Every structure is written in structure tokens, then in C-alpha cells.
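Enquirer: the following comprises the amino acid sequence and a computationally predicted model.
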Amino acid sequence: MLKIAVLVSGGGTNLQAIIDASRNGSLGNTEIVRVISNNADAYALERARAAGIETAVVSRAVNPEPSDYDRALIDAVDASQADLVVLAGFLVKIPEAMVAKYRMRIINIHPSLIPSFCGTGFYGLKVHEAALARGVKVSGATVHYVDEDMDTGPIIAQKAVEVLEDDTPKTLQRRIMEEAEWVILPQAIRLIADGH
Ligand code: GRF
């Protein structure tokens, strides 16, 4: 049984995709044991509670010192006894001590085809604004392992999505979520759960 902790900051649609996949059996032998948010108001926490999953909040408001924050985050993950940590729209950089402790056991979903439009500053709508500004005709999403740098760890899964002529950052973001992120994140978890 692979125990999964999911880290979130926002709406939690990727979390929902994982919960739905878990319910319909497509995550294999796994259990989502805890959802951790840096933001007490994240709607993702509602989704977790509605699914009966334990939640925790580790916020900068309560831990203004970066070292305290890092410690609190690692403690919250340790307490879950998770085998795999899934970053599902988690907007905080993972502390190096946590990367070291959970090496090749933390995965992230990024809304572009890495190595395009990734790294520091490329989050949320900024990714899609940059893709449209560059005029790419194909974008997509990537699931990768997390290492010490931003979006540089080994790639597990990618899915391409067509960019349409009349796309706005919001329409492109939505299509990439629906067609790619919500598909490949559960698939990547399944691969890991199956020992690949
Ligand atoms: C997704 O686009 C994810 O790829 C990015 O942040 C967004 C999170 O959306 N890192 P949600 O909270 O899962 O709805």
C-alpha cells in the first residue's frame, strides 16, 4: 500500500482528479492519507474534507521564520507517514532538507512541456501567458520528480495539448488542466504505485 500526502495551495482540481481516480480504483494499491496546504483558505482543503481525508495547514503566517516554516512542513509530511508526496498546485518551494529526506519520493505537476516555460517565476497563468506570447502551437503538462531546483527533476509523464488561435491564458490553462494535468497526474501515481 502506497501512502500518499498531497500538498496544495489553491482550488485543488488536481487533488480532485487524484481523489476521483482513487475512488474508481485507477490509482492501484494507494491511499491518500493527508492533504497539507500552506493556505488555510484553499478550496482544496474543502475537497479533502468532503472526501474524508485528514488535512493540515502549514502557513507562513504561523511560521514567519523560513527555517521554522521548513521544519513545520517536513514535520507535517513526516507525521502522515507518506511514501509519496504529490505537489498538486503547491506554490511553495520545497525545502532542500525535505528534498534530501524524500529523494525521488516527491512529484510535481507543471502546466507546460518541460523544459519550456518552467523554472522560477513560471507558475499559474504566467506559464500560459508566456506560451501564448512565444506563439507555440503546442503546450501541455509534465509530471516530474522534485529535486533541489525548480522544475528540473526527472520527467515521469508528459501530455501535449494543442494551442488554439483564439486562446487566452485562461482558456489555455483550462484546456491543459482538463486534457493533460488531470489525466497524467493520476497516471504517474499509478505507475509509481505499480513499482515502475
Ligand atoms: C495547476 O495548473 C498546476 O499545474 C499548477 O497550479 C495549478 C493548480 O490548480 N502548478 P489546482 O489547485 O489543482 O486546481
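Expert: Great, that's in hand. Model, not experiment: these values are computed from the prediction.
Enquirer: pull out the buried residues from the biggest helix by length in the chain.
Expert: With secondary structure taken from DSSP state H, the chain has its longest helix at helix 66-80. For helix 66-80, burial by neighbour count (16 or more other C-beta atoms under 10 Å) applies to 69-74, 76-77, 80. The C-beta positions use only the backbone N, C-alpha and C, and glycine is treated the same way.
Enquirer: could I get the residues you listed in JSON lines, plus columns for distance to H196?
Expert: Listed next are the buried residues of helix 66-80 as JSON lines, based on distance: C-beta to C-beta, whole Å:
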{"residue": "Y69", "distance to H196": "33"}
{"residue": "D70", "distance to H196": "31"}
{"residue": "R71", "distance to H196": "33"}
{"residue": "A72", "distance to H196": "33"}
{"residue": "L73", "distance to H196": "28"}
{"residue": "I74", "distance to H196": "27"}
{"residue": "A76", "distance to H196": "28"}
{"residue": "V77", "distance to H196": "23"}
{"residue": "S80", "distance to H196": "23"}
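Enquirer: which one of those is nearest to V33?
Expert: S80 (5.0 Å; C-beta to C-beta).
Enquirer: what's near enough to touch the closest one?
Expert: 3, 5, 33-34, 36, 54, 56 (C-beta atoms under 8 Å, 6 or more residues apart in numbering).
Enquirer: show me what the strand or helix carrying L7 packs onto, helices and strands only.
Expert: L7 belongs to strand 2-8 when assigned by DSSP states H and E. Applying 3 or more C-beta pairs under 8 Å, 6 or more residues apart in numbering; DSSP states H and E, we find strand 2-8 packed against helix 13-23, strand 30-37, helix 43-50, helix 66-80, strand 84-87, helix 182-193.
Enquirer: just to revisit the earlier point, what is the nearest of the contacts of S80 to the ligand?
Expert: Among those, I36 lies closest to the ligand (C-beta to the nearest ligand atom), at 13.3 Å.
Enquirer: that closest one against I53, yeah?
Expert: No. The pair I36 and I53 does not pass the contact test of C-beta atoms under 8 Å, sitting 10.5 Å apart.
Enquirer: higher neighbour count, these two?
Expert: Per other C-beta atoms under 10 Å, whichever of I36 and I53 has more neighbours is I36, with 25 against 20.
Enquirer: so which bits of the chain are right by the ligand?
Expert: Contact residues (C-beta under 6 Å from any ligand atom) of the chain with the ligand: 8, 10-15, 44, 88-89, 109-111, 124, 177, 181.
Enquirer: next up, phi/psi of G153, please.
Expert: The phi and psi values for G153, taken as degrees, to the nearest 10, are phi -70, psi 170.
Enquirer: now, among the buried residues of helix 66-80, which is nearest to the ligand?
Expert: Checking these one by one against the ligand (C-beta to the nearest ligand atom), the nearest turns out to be L73, at 17.1 Å.
Enquirer: related to what we said a few turns ago, turn the buried residues of helix 66-80 into CSV, including pLDDT.
Expert: Shown next, in CSV, are the buried residues of helix 66-80 (pLDDT from 0 to 100):
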residue, pLDDT
Y69, 95
D70, 96
R71, 96
A72, 97
L73, 97
I74, 98
A76, 98
V77, 98
S80, 97
